[in-house]
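Enquirer: the following comprises the amino acid sequence and a computationally predicted model.
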Amino acid sequence: MITVRDGLRGFVVDTPNGRLIDQGTSFGVSVKSGGASVVEVFDGQVDIEVAATGETRSLTEQTSAWLLPQQILSAKQVGWNDRAQPCEPFGR
């Protein structure tokens, strides 16, 4: 989980299929085998960009999506609940 303090923006996370750009937020990203990434926004907003196509999408708080090689799919499109679920911090 990544949390960026108030007033700070532009933190970038590169994944195998694209880029996540923080817009003042708390979010999680999990890269699956094959390179697909699951992005979950707990608070604030994250911009997602597909490297191969340039497609962009903004995710807002309590939503999630899959970043795939050619597209971004909402959690609902892949059969997941669209609301992001809080997770335990790493190491607990």
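Expert: Good, I have the coordinates.
Enquirer: which residues in this structure form strands?
Expert: Under the criterion DSSP state E, strands of the chain are mapped to 2-3, 12-15, 18-31, 37-50, 56-60, 63-67, 72-74.
Enquirer: strand partners of the last one, parallel vs antiparallel please.
Expert: According to DSSP bridges, strand 72-74 has the following sheet partners: strand 63-67 (antiparallel).
Enquirer: okay, the partner strand in CSV with CA atoms only?
Expert: Extracted in CSV, the C-alpha atoms of strand 63-67 (Å, rounded to 0.1, in the frame of the first residue of the first chain):
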residue,chain,number,x,y,z
THR,A,63,-12.6,1.8,-6.7
SER,A,64,-10.3,-0.7,-8.3
ALA,A,65,-9.3,-1.8,-11.8
TRP,A,66,-7.0,-4.2,-13.8
LEU,A,67,-4.2,-2.7,-15.9
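Enquirer: angle of that strand against strand 56-60?
Expert: 150 degrees (axes from the mean of the first three to the mean of the last three C-alpha atoms, to 10 degrees).
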